[in-house]
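Chemist: compute the structure for the input listed below.
(2 chains)
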Amino acid sequence: MEILVTIVIIAIIMAVAVWLFIAKQGDADFEFKVNERTEFKLVDQTEKTATFSCEVAFINKGSQDGTIMDAFPRHLLPYEQFDGVEVNSRMELTTALRTDNYFEAVIIPKGTGGIVIVTVTFTAKTGNIKDALQNLYDLSVDMPIDIVYQIVARTPWYIHKARMIMNCDEINRAMQAKGTAKWEG
Amino acid sequence: MAELELKPVGTRILTDKDNIVDMIEKYTKEDIGPDDVVSVAESVVAITQGRVARPEDFKVCFLAKILCRFVPQKGSLSSVYGMQSLMDAEGKWRVLFAMIIGMFAKIVGKNGVFYELAGSHAALVDDVTGTMPPFDKCLVYGPLEANSVAEEIKRRLGCYGAAVADVNDLKRALVVGASSGLDPKKLAHILIDNPFGNASQRTPIVIIKNYAAVERRTENLLSIE
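Modeler: Numbering: from 1, shown residues only, chains lettered A, B, ... in the order given. This next block holds a predicted model:
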């Protein structure tokens, strides 16, 4: 009986020790700093399209290295709200520029981070893009964009979202800065 | 006089739809001589064998969640999926046993015991990010029957020999399979500077030119001395 009790006590002590070890070790903890992003700028324009981009920093503020397995922007502009443009968005690391909207999995050591470029292209469904974005501005339509990212680290994978708002005022400012807008903000 | 020369060979992205021997023949046939040795990256052999798995496809057990915590975080087994893949391949009780013995061995100053006891897969699994797109989001296991693959490459191409190697930029080279007559340690030494390059260079094949000629010359010199 004493042997059994001893074994149980040792097992409990070991379990507590492992639990404490894991708790102290911690895990990766990612944050996309959407509130500190740069303003969207117009980077390309044609008769039918206007392309804007901004930069968003991220950091692994946890105590372990972590891997961003995948990340992409999810724009939300339902036709019920605005039906004048089609939207495409993509995201890329400043350290791994690419235009195929493929996010190559990347290890982010603890305490470090990086910057992603979010690129949004509006295509006018009818007419030209200037008029379409003028209409978007007149209707005061802001477009949420979720940065969706999948993390794997010491714990099983999970998906988080960080939301930013691409508002019509900054679209207007970006168009004006390029001298392409025909309206006053 | 023939000198040893390492010649990386580029390919398109190979997948499980490809036969590795066919692909090596396609991309190297014109460059291969009877004195040459063909080496191929083990992860690419594994990919062509379909030995890849997405983290989302794993059913992670409690033990994997615990044991991965005891692997330094630079290692492929430090993630729950790396550890689970090892347990799936080698058995979770074997991995637990290897971990316990490995810990005790480390306490007395002997490193690497876990990898010796946990099975061949322990050193070969590549965690996510370990290979190039589109396999960067997958774990890649070690290849199956690497020796047989090497023998088949040698037979098909008529070269002096062939090898399947795991090489990285950290000066780590391991020949996991080789055709008969080749010395894996010698080959590993030749490949130590990672002539395969990084993943984005897409050169999973390296031809070791004039291997046999240099070997013969060295043997002759030794016999003269």
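Chemist: residues contacting the helix-or-strand element of chain B with minimal mean pLDDT, please?
Modeler: Counting by mean pLDDT, DSSP states H and E, chain B has its least confident helix or strand at helix B:211-224, which shows a mean of 81. If you take C-beta atoms under 8 Å, 6 or more residues apart in numbering or on different chains as the criterion, helix B:211-224 is touched by B:1-4, B:34-37, B:160-161, B:190. Glycine gets a C-beta too; all of them are placed from N, C-alpha and C.
Chemist: chain B contacts on chain A?
Modeler: Residues of chain A lying near chain B by C-beta under 8 Å from any C-beta of the partner chain: A:18, A:21-22, A:25, A:64-65, A:67, A:69-70, A:102, A:104-107, A:152-157.
Chemist: out of the residues you listed, which are buried?
Modeler: Among those, those classed as buried by 16 or more other C-beta atoms under 10 Å in any protein chain shown are A:22, A:64-65, A:67, A:69-70, A:104-107, A:152-157.
Chemist: how about the residues of chain B by chain A?
Modeler: Counting by C-beta under 8 Å from any C-beta, chain B comes close to chain A at B:55-56, B:60, B:65-66, B:68-69, B:73-74, B:78-81, B:127-129, B:133-134, B:136-137.
Chemist: can you rerun that using 10 Å?
Modeler: B:54-56, B:58, B:60, B:64-71, B:73-74, B:78-84, B:127-138, B:199-200 (C-beta under 10 Å from any C-beta of the partner chain).
Chemist: hmm, back to that, so of the buried ones among the residues of chain A next to chain B, which ones are in helices?
Modeler: Secondary structure defined by DSSP state H assigns A:Ile22 of these to helices.
Chemist: hang on, B:Gly50 packs against B:Lys17?
Modeler: Yes: contact status for B:Gly50 versus B:Lys17: in contact at 9.3 Å, counting by C-beta atoms under 10 Å.
Chemist: which one's more surrounded, those two?
Modeler: Higher neighbour count among B:Gly50 and B:Lys17: B:Gly50, with 12 against 7, using other C-beta atoms under 10 Å in any protein chain shown.
Chemist: skipping its backbone neighbours, what lies nearest the more buried one in space?
Modeler: Excluding its sequence neighbours, the residue lying closest to B:Gly50 (C-beta to C-beta, 6 or more residues apart in numbering or on different chains) is B:Asp16, at 3.9 Å.
Chemist: contact partners for that neighbour?
Modeler: B:46-52 (C-beta atoms under 10 Å, 6 or more residues apart in numbering or on different chains).
Chemist: take the residues you listed and lay them out in a markdown table including pLDDT and secondary structure.
Modeler: Formatted as a markdown table, these follow (pLDDT from 0 to 100; DSSP: H, G, I helix; E, B strand; the rest coil):
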| residue | pLDDT | secondary structure |
| --- | --- | --- |
| B:Ala46 | 95 | helix |
| B:Ile47 | 95 | helix |
| B:Thr48 | 95 | helix |
| B:Gln49 | 96 | coil |
| B:Gly50 | 95 | coil |
| B:Arg51 | 94 | coil |
| B:Val52 | 95 | strand |
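Chemist: only the buried subset of those, as a PyMOL command please.
Modeler: Listed next is the PyMOL selection for buried residues among the contacts of B:Asp16, using 16+ other C-beta under 10 Å:
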select buried, chain B and resi 46+47+48+49+51+52
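Chemist: closest to A:Val87 out of the contacts of B:Asp16?
Modeler: Nearest to A:Val87 among these: B:Val52, at 33.6 Å, using C-beta to C-beta.
Chemist: hmm, the closest one is touching B:Ala46, no?
Modeler: Yes: using C-beta under 10 Å, B:Val52 is in contact with B:Ala46, at 7.2 Å.
Chemist: which neighbours do the two share?
Modeler: In contact with both B:Val52 and B:Ala46: B:16, B:126, B:131, B:135, B:140-141, using C-beta under 10 Å, 6+ apart.
Chemist: quick check: the residue positioned nearest the centre of chain A vs A:Gly66, distance?
Modeler: Nearest residue to the geometric centre of chain A (C-alpha atoms, centre = their mean): A:Ile147, 2.5 Å. Relative to A:Gly66, A:Ile147 is positioned 16 Å away (C-beta to C-beta, to the nearest Å).
Chemist: hmm, back to that, among the contacts of helix B:211-224, who's most crowded?
Modeler: That'd be B:Val37 among these, by other C-beta under 10 Å, with 27 neighbours.
Chemist: helix, strand or coil for the spatially most central residue of chain B?
Modeler: What sits nearest the mean C-alpha location of chain B, by C-alpha atoms, centre = their mean, is B:Asp166, with 2.7 Å. Assigned by DSSP: H, G, I helix; E, B strand; the rest coil, the conformation of B:Asp166 is strand.
Chemist: wait, isn't it in contact with B:Gly142?
Modeler: Yes: look at B:Asp166 against B:Gly142 with C-beta under 10 Å: they come within range, at 7.9 Å.
Chemist: okay, and the common contacts of the two?
Modeler: Counting by C-beta under 10 Å, 6+ apart, the residues touching both B:Asp166 and B:Gly142 are B:42-43, B:45-46, B:123-124, B:126, B:176-177.
Chemist: out of these, which comes closest to chain A?
Modeler: Checking the shared contacts of B:Asp166 and B:Gly142 against chain A with C-beta to the nearest C-beta, the nearest one is B:Asp126 at 11.5 Å.
Chemist: other residues contacting the lengthiest helix in chain B?
Modeler: Secondary structure assigned by DSSP H gives helix B:92-107 as the longest helix of chain B. For helix B:92-107, the external contacting residues (C-beta under 10 Å, 6+ apart) are B:61-64, B:66-67, B:70-71, B:77, B:83-84, B:86-91, B:110-119, B:121-122.
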